[in-house]
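Engineer: Mind folding the following:
(4 chains, ligands or ions: 4)
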Amino acid sequence: MRTITYRQALNEAFDEEIQRDPNVFLIGEEVAEYDGAYKVTQGLWKKHGDKRVVDSPISESGFIGMAVGASMLGLRPVCELMFWSFYTVAWDQIANNAGMVRYMSGGLINCPIVIRGPANGGTNVGATHSHTPENIMATIPGLKVVCPATARDAKGLMKTAIRDNDPVMFMENTMLYGLEGEVPDPADGDFTIPLGVADLKREGVDVSLIAHGRSVLIALEAAEILSAEHGIECDVLDLRSIRPLDEEAILETVAKTSRVVLVDENKPFCGVSAQIAALIQEKAFDDLDAPVQRVCSIDAPAIYSPPVEKEQLPTARRVIDKVLSII
Amino acid sequence: MRTITYRQALNEAFDEEIQRDPNVFLIGEEVAEYDGAYKVTQGLWKKHGDKRVVDSPISESGFIGMAVGASMLGLRPVCELMFWSFYTVAWDQIANNAGMVRYMSGGLINCPIVIRGPANGGTNVGATHSHTPENIMATIPGLKVVCPATARDAKGLMKTAIRDNDPVMFMENTMLYGLEGEVPDPADGDFTIPLGVADLKREGVDVSLIAHGRSVLIALEAAEILSAEHGIECDVLDLRSIRPLDEEAILETVAKTSRVVLVDENKPFCGVSAQIAALIQEKAFDDLDAPVQRVCSIDAPAIYSPPVEKEQLPTARRVIDKVLSII
Amino acid sequence: MPVLAESTTDFSKTEINAALTAEQKRHLLRDMIRIREFETGAFEQYQKKKMGGFLHLYIGQEAVAVGSVSLMGDNDHVITAYRDHGHALAVGMGMDECMAELFGKRTGCSKGKGGSMHFFAPDKNYWGGHGIVGGQTPLGLGLAFGLKYKGLKGCSMCFLGDGAVNQGAYHESLNLAGLWDLPVIYVIENNGYSMGTSQKRSSAFNTCLAERAAGYGIIWDVVRNGSDLYEVREVVGRAVERAHAESRPTVLEIATYRYEGHSVADAKHNKQTLQEGYRTKDEIEHYRKNFDPIGNFSEKLIQEGVTTEDEIKEIRKAAVAETRASVTFADQSAFPTAEDLLTDVYSEVDHNTLAGRTGRHFFND
Amino acid sequence: MPVLAESTTDFSKTEINAALTAEQKRHLLRDMIRIREFETGAFEQYQKKKMGGFLHLYIGQEAVAVGSVSLMGDNDHVITAYRDHGHALAVGMGMDECMAELFGKRTGCSKGKGGSMHFFAPDKNYWGGHGIVGGQTPLGLGLAFGLKYKGLKGCSMCFLGDGAVNQGAYHESLNLAGLWDLPVIYVIENNGYSMGTSQKRSSAFNTCLAERAAGYGIIWDVVRNGSDLYEVREVVGRAVERAHAESRPTVLEIATYRYEGHSVADAKHNKQTLQEGYRTKDEIEHYRKNFDPIGNFSEKLIQEGVTTEDEIKEIRKAAVAETRASVTFADQSAFPTAEDLLTDVYSEVDHNTLAGRTGRHFFND
Ligand SMILES: Cc1ncc(C[n+]2csc(CCOP(=O)(O)OP(=O)(O)O)c2C)c(N)n1
Ligand SMILES: Cc1ncc(C[n+]2csc(CCOP(=O)(O)OP(=O)(O)O)c2C)c(N)n1
Ligand SMILES: [Mg+2]
Ligand SMILES: [Mg+2]
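Structural biologist: Ligands and ions are numbered 1, 2, ... in the order given. Prediction:
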């Protein structure tokens, strides 16, 4: 199969959806003429023009709220937050308007909007630019949350997100943009991946590693080392979407291995892995041979210092230690 | 001991702290001339004047950010959000500025600010006005979170919060404002309660109910019924502060009863109770005779319809059912 | 700052108003009276504890909603804040579904899920009803953006209060509206107060709040007598014309006044019990007497020979009857059930699509 | 929109500038040169991968920070956005702690925790260095509020970019500043671009961005030649005087230009590799040649007989040496450790107070 980058995969998804549906348009800061701060939208403005690819002033509350309003009329805005971190200045529009206007209108309205951009640490841009708000998004019923780890998933999930009739918070990762992966050729037909279906990215028997986003790669790295150095074989389950959540797949791997380590770039307090741990202990209490363990970012604002930031994020080393502690 | 309302207890705390420290001032919408939308600041403007009790325009981002800036100079602003729900429009100032400026400055700055107001459902004001963001606040290292359930705790914790040198998110409850409770007389000396110390509000042996805020009262109600109707005796542990968290007290009650039901007005996904459940199963795995159970708000935006909103929030009935399911 | 004051111009003679038929004029009067009676009825029901939460009454401001909405064509849209009953009835929503919403019933316009602050009727181009001050202003912009994107000749009328102009989202919206020439009309209903704060205690301004628009190169205008439906129509009409013909935004400020408290929970400050508070009985009486939109328009129509005292009495009677019927309707309707809590959260789930059936969407036990 | 243009007035003769001693003038020139050399050195080190993340260079804008800061008295405070090295050095921070911060070292001004965007020196009344566009504007207001509260005669100078004016927080701050007469000076450094977006593609305005202040009753002014340190001092000086004497806010817009890319990661658009991109090589060269603040001031001081070409060479040499020393300092300093991650989160914990020791503050294993 052909190989493209995560960035190109997203770009393809936009390109295809823009062509498929005249209601789809991209909007964000520097997404058009500048080709995107991270070049994810490269070439799309040149190809599709001002109407379909729109540069916005630095007014996240304004342009995201505007997109929500436009979506109520049936448009399908795909909004870029240059960094997901900047949701903090647009939070009211996201939580209350995108997330709740359907409910408050008794179902008269729906908001088929996608909000997307990178949500990750690891690039030494400091605390204000390194939020990973998937837990905060997913705590709001009404929002959906997707965190792809590979090029293939990025494309397939993005196309589904754009077609979804509910607001989807789509979290990419600047550290993944350049990574290559196999992605089906558009010539072979329309390629989508449903939300709410986890992907078992590695099969094992001893321990389940459950993760989302780039943490999946950390989990895979740890799994290889555990296999090579300790003979421990791990399932690596990639949640892919946080809400909807593939609970069945989670319970299945837990039933198989009875031991779980969650890998999660969120800060620990009320991170996504707190929810998954709570869920597992509730629904698979008797399956568990050891407490569910979590490897999260170290519980402080994101540090700038490059070598130390590496340590702050989940590392394969920390995952391995956790696994060894419960085996 | 004398009895006053939760509202009066807070009012006393403000009054005493304004007198004690010239750097303390109150600011918010309608807190001064109007005496507060919920009359929590009644009489304080008349007594202390324009400088110490300040009415703000409807600009939460502006006045809270301003208060953060003033706190960097050593003032101790106590900011009212008329509803905590309105944090959504001020979130950047809270999370990034109050929460992280200390870290990003390598400890050169601290923000001795309190942000307070009611954070609860149950008053039929709909989804936008019924947020309970303690989980969202507590996920940010750098912020502290306090949720008092009684008049006594409200006063003691508020005075401590104002004196604390870090930003404290103080969550009150409109349904508690009118409730009376015993509060030490100011004549008997300065009364404070430390943050990070839970309070065992009822002693039992069979099951631990752990809660914060108004859910503590629901838990107590359930505990009485369980005792009367089922002979089941519950510990009711009131966390009082979410961050810092009294982990010892949690583990102690779990060790005693081996069965836990968490009562939490948060929405379930990544709610505070998800964190507590994750923590208990991790640290007290062998103590548990049954999975930790959670009673949260039903997972939808807050409904308006008065009788149904009652059902959406945790109820004693649901707590009792959960307890019976694990006994 | 614009304070309600007598118009020196006779706006009944302007083109837009001269074009109204007698029938249309009576209809406009009727619309204002229906709003007044509906809210008066709602207030009574509130006091009988038939509803919870807030009830922000629009009484005194009726000419603004009715006058503005009367200019709407097929592709014109309306959105407002939480003081939303007047606009709702003006766009043609029925009293039944509105009263039922207040009662929290399933037959309510939002199925009892939204309440007083969250009335919606997308089929009537009415997009709510929004509780967060200023939060509707980017949405209103989005309606305008959508119209322009689709190539439709229409506009979005976005109402907001004099307190709301100090929210950041409004400022961001103004910049985008000005920059992209979006056909949005921001109508500031300046009733002199945001809750208990008089306008001069909440806003820094030069001559008025609308004037801030100049800083974004946006045209602005003022209605000095917001109780004169003709003046409202004239000024709003020009903005609608500008939006339709040039796809350009306008900011309007309309001086008006609310007779009741900020919300009816704001009892200390409402007419029944006012002793102290942020405004005097005399002030309220002054506006009631001299700037009542219904009184104002009634007088005009009688003078014009378009209607009579008697006919107005009949209109009022009909509105009272309609209100009563809506109370009965609301009373007899069922509450939502606990199961209803989980519908209307996700469209895909509601429609039982494959997407709605895949993965877990809700996290109750 | 104000674009950099030659001053018609000779600002060297105004009172505020005429009062400068020769020594002070040389000092101002030296400050600009130090910023230029520091950043040039930092850029080199960035390319050697000695640092991560962003590096937003201030090169071309030096007269703004140095001119403004030169007016600061004991109770005047400064706060700015992420393009913060210039202001940092201008207030008197040492190159060592600044370079070490870029290198992510423990000896950095923020212990390596903040990085390029987050320089701080409260002891020098310098409050950062803020990464969220517009996020510093309410903080700057708070400094002014604090001064007034404490009864001190001072002001807060809050710098922001031409893109930042479209953030809601700035608008809210303006209203509060105007309403409460707070001694804040918002200095819009209009360098013509927010990242790759030219100013006219990001902002709707009448004659300029500062003019929006008029809508809040706030006095505003413009510096047309922001590369002329004398003009900057003159205009900012009047605002400082207004803040001190009347406790009133001012909004200033200073036309300036940045020579380098938005950040050095913005390579496609910087001078080395520019082929296409949002501005032409010619445009950059035009400003470099005609509106270089250092060139401009050097010329003036030579003409005034205050300094000589040779002396300027010496100043530059010293600045280069100082930069080099700072690189060595940074290189030789230690990185923070993983343990350092958990300090500077909570003041009470750092100080090991009873509050800091009570309850669990961190949720690692
Ligand atoms: C962001 C936010 N802050 C505060 C409130 C509480 N609140 C509701 S209405 C109101 C006053 C608004 O006044 P104005 O905009 O003049 O509208 P009016 O009530 O006069 O129609 C306030 C403070 C809110 N709903 N949202
Ligand atoms: C809220 C927010 N949105 C977007 C960004 C990304 N960003 C950083 S700088 C910048 C451009 C700012 O331009 P301007 O205000 O003119 O300042 P300049 O860079 O020219 O100094 C953008 C979009 C951010 N940091 N914060
Ligand atoms: Mg008002
Ligand atoms: Mg700029």
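Engineer: For the rest of this, base every contact and every neighbour count on C-alpha atoms.
Structural biologist: OK.
Engineer: With adjacent residues omitted, what lies nearest to the closest residue to chain D within the stretch 101-250 of chain C?
Structural biologist: Of all residues in the stretch 101-250 of chain C, the one sitting closest to chain D is residue C:168 (3.4 Å; Cα to the nearest Cα). Counting by Cα to Cα, 6 or more residues apart in numbering or on different chains, the nearest residue to residue C:168 once its immediate chain neighbours are dropped is residue D:168, at 3.4 Å.
Engineer: Just give the number of residues close to the one you found.
Structural biologist: Neighbour count for residue D:168, taken as other Cα atoms under 10 Å in any protein chain shown: 31.
Engineer: Repeat that for residue C:94.
Structural biologist: By other Cα under 10 Å, neighbour count at residue C:94 equals 14.
Engineer: And it, how far from residue C:105?
Structural biologist: 15 Å (Cα to Cα, to the nearest Å).
Engineer: next one: residue A:58
Structural biologist: On the measure of Cα to Cα, residue A:58 and residue C:105 end up 42 Å apart.
Engineer: quick one, which of the two is more surrounded?
Structural biologist: residue C:105 (32 against 26).
Engineer: Help me confirm that that one comes into contact with residue C:114.
Structural biologist: No: using Cα atoms under 8 Å, residue C:105 is not in contact with residue C:114, being 10.2 Å away.
Engineer: what do these two both touch?
Structural biologist: residue B:305 (Cα atoms under 8 Å, 6 or more residues apart in numbering or on different chains).
Engineer: Which residues are in contact with residue C:264?
Structural biologist: Per Cα under 8 Å, 6+ apart, neighbours of residue C:264: C:43, C:54, C:55, C:56, C:57, C:270.
Engineer: Greatest separation within the residues you listed: which pair is it?
Structural biologist: C:54 and C:270 (14.2 Å; Cα to Cα).
Engineer: So the residue of the stretch 1-150 of chain A with the smallest separation from ligand 3 versus residue C:137, what's the distance?
Structural biologist: Taking Cα to the ion as the measure, the point where the stretch 1-150 of chain A comes nearest ligand 3 is residue A:92, at 21.2 Å. Applying Cα to Cα, the value for residue A:92 to residue C:137 is 12 Å.
Engineer: So these two - more neighbours on which side?
Structural biologist: residue C:137 (33 against 25).
Engineer: Is the one helix or strand the more buried one maps to positioned near chain A?
Structural biologist: Applying DSSP states H and E as the criterion places residue C:137 in helix C:136-149. Yes: applying Cα under 8 Å from any Cα of the partner chain, one finds helix C:136-149 touching chain A at C:138, C:139, C:140, C:141, C:142, C:143, C:144, C:145, C:146, C:149.
Engineer: Tell me where the stretch 151-300 of chain C has strands.
Structural biologist: Taking DSSP state E, counting those that start in this stretch as the criterion, the stretch 151-300 of chain C carries its strands at C:156-161, C:184-190, C:193-194, C:197-198, C:219-223, C:250-255.
Engineer: actually chain A, sorry about that
Structural biologist: Along chain A, counting by DSSP state E, strands occupy A:3-5, A:24-28, A:53-55, A:76-80, A:114-118, A:144-146, A:168-172, A:180-182, A:199-202, A:207-211, A:234-238, A:241-243, A:260-263, A:293-295.
Engineer: Dump these to CSV, plus mean pLDDT and mean neighbour count.
Structural biologist: Formatted as CSV, those follow (pLDDT from 0 to 100; neighbours: other Cα atoms under 10 Å in any protein chain shown):
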stretch, mean pLDDT, mean neighbour count
strand A:3-5, 98, 18
strand A:24-28, 98, 24
strand A:53-55, 98, 23
strand A:76-80, 99, 27
strand A:114-118, 99, 25
strand A:144-146, 99, 28
strand A:168-172, 99, 27
strand A:180-182, 98, 17
strand A:199-202, 98, 16
strand A:207-211, 98, 29
strand A:234-238, 98, 26
strand A:241-243, 98, 29
strand A:260-263, 98, 28
strand A:293-295, 98, 28
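Engineer: for those strands, which one sits closest to ligand 4?
Structural biologist: Ligand 4 lies closest, by Cα to the ion, to one member of the strands of chain A: strand A:53-55, at 15.6 Å.
Engineer: helices or strands next to that closest one in the packing?
Structural biologist: For strand A:53-55, the packing partners by 3 or more Cα pairs under 8 Å, 6 or more residues apart in numbering or on different chains; DSSP states H and E come out as strand A:24-28, helix A:44-52.
Engineer: Who are the packing partners of the shortest one?
Structural biologist: Applying 3+ Cα pairs under 8 Å, 6+ apart, one finds that strand A:24-28 makes contact with helix A:6-20, helix A:44-52, strand A:53-55, strand A:76-80.
Engineer: Return the most buried member of these.
Structural biologist: Stretch with highest mean neighbour count among the helices and strands packed on strand A:24-28: strand A:76-80 (a mean of 27; mean count of other Cα atoms under 10 Å in any protein chain shown).
Engineer: got the angle between that strand and strand A:114-118?
Structural biologist: Strand A:76-80 runs at 20 degrees relative to strand A:114-118, counting by axes from the mean of the first three to the mean of the last three Cα atoms, to 10 degrees.
Engineer: Enumerate the positions of the longest helix along chain C that are buried.
Structural biologist: Using DSSP state H, we find that the single longest helix of chain C is helix C:22-47. For helix C:22-47, the neighbour count (16 or more other Cα atoms under 10 Å in any protein chain shown) marks C:25-26, C:28-43, C:45-46 as buried.
Engineer: In space, what's closest to residue C:36 - neighbours in sequence excluded?
Structural biologist: residue C:59 (5.9 Å).
Engineer: My understanding was that residue C:293 contacts residue C:61; is that so?
Structural biologist: Yes: between residue C:293 and residue C:61 there is a contact under Cα under 8 Å: 7.1 Å.
Engineer: hey, what's in contact with both of the two?
Structural biologist: C:226, C:227.
Engineer: give me every residue that touches the residue nearest in space to the middle of chain A.
Structural biologist: With distances taken as Cα atoms, centre = their mean, the residue of chain A nearest its centroid is residue A:147 (1.4 Å). By Cα under 8 Å, 6+ apart, residue A:147 lies in contact with A:170, A:171, A:172, A:212, A:213, A:240, A:241, A:242.
Engineer: Is the second one bridged to anything, and to what?
Structural biologist: This means residue A:171. Under DSSP bridges, the beta-bridge partners of residue A:171 are residue A:117.
Engineer: Test my guess that it contacts residue A:148.
Structural biologist: Yes: because the distance of 7.2 Å satisfies Cα under 8 Å, residue A:171 is recorded as touching residue A:148.
Engineer: thinking again about what came up before, next one: the helix holding residue C:137 to chain centre, how far?
Structural biologist: 17 Å (Cα atoms, centre = their mean, to the nearest Å).
Engineer: which strands and helices sit next to that helix?
Structural biologist: Contacts defined by 3+ Cα pairs under 8 Å, 6+ apart place helix C:136-149 against helix A:60-72, strand C:77-79, strand C:156-161, helix C:168-180, strand C:184-190.
Engineer: Need the strands of the stretch 151-300 of chain C in JSON lines (columns: mean neighbour count).
Structural biologist: Formatted as JSON lines, the strands of the stretch 151-300 of chain C follow (neighbours: other Cα atoms under 10 Å in any protein chain shown):
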{"stretch": "strand C:156-161", "mean neighbour count": "27"}
{"stretch": "strand C:184-190", "mean neighbour count": "28"}
{"stretch": "strand C:193-194", "mean neighbour count": "20"}
{"stretch": "strand C:197-198", "mean neighbour count": "20"}
{"stretch": "strand C:219-223", "mean neighbour count": "21"}
{"stretch": "strand C:250-255", "mean neighbour count": "28"}
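Engineer: This completes my enquiry, with thanks.
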